[in-house]
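Asks: Coordinates for the following, if possible.
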Amino acid sequence: MLHGLMRVAARAVLPAVALGMLSTAQVSAQTPAVPDYYPADYAKMIEASKSEGDILVYSIMAQYNWAPVLEDFKKLYPWINVSTLDLNSNEVFTRYYAERSSGAKTTDLIVSANVDGWLEFFDKGAVEPYASPEESKLPKWAKPHDGAYAVSTTPFTIVYNKLVLPEDKRPRGIQHLAKLIEENPALFKNAIGGYNVELSPFAQAVSLAYLAKTGEAGQKALDTVWKQTRPEMSTGPMMAKLASGEYKVLYFGSGVVVFPKINDAVNKKVMGWNFIEDGTPFFLRLMAIPKGAPNPNSAKLLLDFILSHTGQAAFGRGGLTPYRPGVKKEEVAFYTYESIREELGEENLSFIDYDPAMVKKIPALVERWKQVTQSK
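Replies: Numbering: from 1, shown residues only. Have a look, this model is predicted:
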């Protein structure tokens, strides 16, 4: 469980009010009330869920991320049991395809942040085209495809070791880091952790989102930073090496990893961080009910709950960054999308979207990475 989570008084709400403003219609003790903007026949789906089995979710989040969500969901629908598997972004799809092709029982909900994986999933027509009644309460960008919705946003950060970098050498962004490297080459030589752009689809997407905001100036800065980067595949190991002093800087660190680790009392003394001032990329973690889900009614209830104010706040307590308007920073462990936007300004934010045009830019990006890193 995360250290220093916000107080959890919001978890104690009665099941009948767990989704926010409710209809005044009479409901049975066995059927929870829902918001008044839900369709009149929503109760039929709730009743149908009672004859289904347990839900299985393939996701890219740990159990501690899910814990507050499932606790509040269970209050609302006590007959639905939910199990989650923490898989990598591509595995959620390959596992589903294998099970679907063999006729084996598969997942009820998929959560991933793999751009290529989702685009292929969309092309295959594998998404159940469910329209959530919560959709009208969300930003338009939260639904990049019919049936697919954002679970949360993930901001990317720049982190540094305070014990080895004086205040005037602590980077505030990628272009600032490049300037510091040029002015202090010995200080930063081979002392920077970053994702492997050649091997990581995640790194490719984050880099392209940053470049969409910063253009050629951003690319020149990345060239400088890449020359001193020791490539890695995930934020966790980079944070460990940063804390030990092996790295002095980590860039494009995923907020879902950085925020809880840096909130630890010991790590606070060692590490500092910033949002990326010249363009903070945001990833959308998407979810969708796949075709052939064994328990479609229960899966729809879970999807709708995740999109509700209560569900978004619960994921915020689990360490993610909720984006639904109206969810306050005081309700979550770290940040909301709105609080970051207010702090940085919308012009300094850049989304990693699910646009096929972005994928076409990957080969050129990888080629430039290889040329820069092989010439150092």
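Asks: Could you list every helix and strand in contact with the helix or strand of the chain with the lowest mean pLDDT?
Replies: Across the helices and strands of the chain, mean confidence by mean pLDDT, DSSP states H and E is lowest for helix 265-270: a mean of 86. Here helix 265-270 touches no other helix or strand, going by 3 or more Cβ pairs under 8 Å, 6 or more residues apart in numbering; DSSP states H and E. Every residue, glycine included, has its C-beta placed from N, CA and C.
Asks: Give me the buried stretch members for that helix, please.
Replies: For helix 265-270, burial by neighbour count (16 or more other Cβ atoms under 10 Å) applies to 267, 270.
Asks: any idea how far that helix is from the chain center?
Replies: Distance, stretch centre to chain centre, for helix 265-270: 24 Å (Cα atoms, centre = their mean, to the nearest Å).
Asks: Gly255 - how many residues pack around it?
Replies: By other Cβ atoms under 10 Å, 26 other residues sit near Gly255.
Asks: Quickly find the element holding the closest residue to it other than its chain neighbours.
Replies: Nearest non-adjacent residue to Gly255, counting by Cβ to Cβ, 6 or more residues apart in numbering: Pro155, 4.4 Å away. Under DSSP states H and E, the secondary-structure element containing Pro155 is strand 148-161.
Asks: Quick one: list the elements packing against that strand.
Replies: By 3+ Cβ pairs under 8 Å, 6+ apart, strand 148-161 packs against helix 235-244, strand 249-254, helix 255-262, strand 271-275, strand 280-288, helix 296-307, helix 309-317.
Asks: if we go to 7 Å?
Replies: Contacts defined by 3 or more Cβ pairs under 7 Å, 6 or more residues apart in numbering; DSSP states H and E place strand 148-161 against strand 249-254, helix 255-262, strand 271-275, strand 280-288, helix 296-307.
Asks: Give me the angle between the third one and strand 280-288.
Replies: What it means is strand 271-275. Per axes from the mean of the first three to the mean of the last three Cα atoms, to 10 degrees, the angle that strand 271-275 makes with strand 280-288 is 80 degrees.
Asks: what sits up against strand 271-275?
Replies: 155, 157-162, 170, 172, 242-243, 258, 262, 340, 344 (Cβ atoms under 7 Å, 6 or more residues apart in numbering).
Asks: Where does pLDDT dip in the stretch 251-376 of the chain?
Replies: With pLDDT under 70 as the threshold, the stretch 251-376 of the chain has low-confidence stretches at 376.
Asks: and if we set it to 90?
Replies: Along the stretch 251-376 of the chain, the model assigns pLDDT under 90 to residues 260-268, 351-359, 375-376.
Asks: Same question for the stretch 101-250 of the chain.
Replies: 114, 116, 200-202, 233-236.
Asks: which residues in it form helices?
Replies: Along the stretch 101-250 of the chain, counting by DSSP state H, counting those that start in this stretch, helices occupy 115-123, 174-183, 185-188, 201-227, 235-244.
Asks: May I see those helices organised as TSV, with mean neighbour count and distance to Tyr323 added?
Replies: Below are the helices of the stretch 101-250 of the chain laid out as TSV (neighbours: other Cβ atoms under 10 Å; distance: least, Cβ to Cβ, whole Å):
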stretch	mean neighbour count	distance to Tyr323
helix 115-123	19	17
helix 174-183	19	23
helix 185-188	14	34
helix 201-227	20	16
helix 235-244	19	20
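Asks: gap between the nearest residue to Glu52 once chain neighbours are set aside and Leu85?
Replies: With Cβ to Cβ, 6+ apart as the criterion, Glu52 has its nearest non-adjacent residue at 4.0 Å, and that residue is Asn295. Asn295 sits 15 Å away from Leu85, going by Cβ to Cβ, to the nearest Å.
Asks: again with Lys105
Replies: 13 Å.
Asks: if we can go back for a sec, more crowded one of Asn295 and Leu85?
Replies: Using other Cβ under 10 Å, the more surrounded residue of Asn295 and Leu85 is Asn295, with 24 against 15.
Asks: tell me the contacts of the more buried one?
Replies: Counted by Cβ under 7 Å, 6+ apart, Asn295 has contacts 52-53, 55, 108.
Asks: swap in Phe315?
Replies: Neighbours of Phe315 in contact, by Cβ under 7 Å, 6+ apart: 65, 69, 151-152, 306, 322.
Asks: Ok, Val159 next?
Replies: 242, 250, 253, 258, 262, 271, 273.
Asks: ditto for Leu70
Replies: Leu70 touches Val82, counting by Cβ under 7 Å, 6+ apart.
Asks: now swap in the one 3 residues further on and tell me
Replies: For Phe73, the contact set (Cβ under 7 Å, 6+ apart) comprises 82, 302, 305.
Asks: 10 Å instead?
Replies: 18, 55, 66, 80, 82, 301-302, 305-306, 308, 310-311, 314 (Cβ atoms under 10 Å, 6 or more residues apart in numbering).
Asks: out of these, which one sits closest to Val332?
Replies: Among those, Ala314 lies closest to Val332 (Cβ to Cβ), at 9.0 Å.
Asks: Is it correct that that closest one is in contact with Phe305?
Replies: Yes: if you go by Cβ atoms under 10 Å, Ala314 and Phe305 touch, sitting 8.6 Å apart.
Asks: sorry, back to before: Throw the contacts of Val159 into CSV and include distance to Phe121, thanks.
Replies: Output for the contacts of Val159, formatted as CSV (distance: Cβ to Cβ, whole Å):
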residue, distance to Phe121
Leu242, 34
Leu250, 31
Gly253, 27
Val258, 28
Ile262, 33
Met271, 36
Trp273, 33
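Asks: distance of Leu56 from Val225?
Replies: From Leu56 to Val225 the distance is 41 Å (Cβ to Cβ).
Asks: Sorry, slip of the keys, the one I care about is Asp278.
Replies: 12 Å.
Asks: what is in contact with those two at once?
Replies: With Cβ under 10 Å, 6+ apart, Asp278 and Val225 have common neighbours 174-175, 177-178.
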